[in-house]
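>>> need the 3D shape of this:
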Amino acid sequence: MATTYSFVEVKLYHEELRRFLNTDSSDVKDLWKWLEKQKRLALVGAKGMVGVKTGALRQNISASHLGNSTGQYVTIMADKPYALMHHEGTKPHWITPNDGKMLRFTRGSAVVYRQRVYHPGTKANPYLRSQLIHFRG
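Numbers count the residues shown, from 1 in each chain. Modelled structure (predicted):
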């Protein structure tokens, strides 16, 4: 015979929290406004701190603010393929072409072709993580 469990208190807690977060209470509005301000500060800070070559990574940084029955959440992110490498840095490594041909790049005004090149690595730039300091407020 199967045992059944009832989580009435948990359900009520979530329902009460959901009701509280969806009311016009000044406390909830103040919390929402404060988190929105922190989100904007973090977004501006991350965009100002990220390295800029073409501006594509800066344009890719976004932030969102979500409120539901479990609380309020602020997310700041960048999803370009190289965003994590820029954020965490890279170790020195060899770069080879994907299609088996030659790598082509410019050095000064000269066009250079190589079968592979050694990249010295990059220093980490935690442009997203460093913005968490704003939420200690």
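>>> residues in contact with Tyr82?
Residues near Tyr82 by Cβ atoms under 8 Å, 6 or more residues apart in numbering: Leu57. From N, CA and C alone the C-beta is placed, and that goes for glycine too.
>>> any idea how far it lies from Thr122?
10 Å (Cβ to Cβ, to the nearest Å).
>>> same question for Leu31.
38 Å.
>>> so what's Leu103 bridging to?
Here Leu103 sits in beta bridges with Arg114, going by DSSP bridges.
>>> let me see the contact set for it.
Ile95, Thr96, Pro97, Tyr113, Arg114, Gln115, Arg116, Val117.
>>> give the next helix or strand downstream of the helix or strand of the chain with the lowest mean pLDDT.
When each helix and strand of the chain is scored by mean pLDDT, DSSP states H and E, helix 8-21 comes last, with a mean of 55. Using DSSP states H and E, the helix or strand that follows helix 8-21 in sequence is helix 26-49.
>>> show the subsequent helix or strand relative to that next one.
Downstream of helix 26-49, the next assigned helix or strand under DSSP H and E is helix 56-60.
>>> which residues sit against that next one?
Against helix 56-60 from outside (Cβ under 8 Å, 6+ apart): Lys47, Val50, Gly51, Val52, Ala78, Asp79, Lys80, Tyr82, Ala83, His86.
>>> start and end of stretch 108-124, how far apart?
Length of stretch 108-124, first residue to last, Cα to Cα, to the nearest Å: 26 Å.
>>> mean confidence (pLDDT) on it, please.
Taken as a whole, stretch 108-124 carries a mean pLDDT of 93.
>>> pLDDT below threshold where in the protein?
1-28, 133-137 (pLDDT under 70).
>>> ok, what's across the strand from the residue nearest the centre of it?
Centroid-nearest residue in the chain, with Cα atoms, centre = their mean: Met77, separated by 2.0 Å. Counting by DSSP bridges, Met77 forms beta bridges with Ser62.
>>> enumerate every residue touching it.
With Cβ under 8 Å, 6+ apart, Met77 has these contacts: Ile61, Ser62, Ala63, Leu128.
>>> try Gly121
Gly89, Thr90, Lys91, Pro92, His93.
>>> try it again with 10 Å
By Cβ atoms under 10 Å, 6 or more residues apart in numbering, the contact list for Gly121 reads Met85, Gly89, Thr90, Lys91, Pro92, His93.
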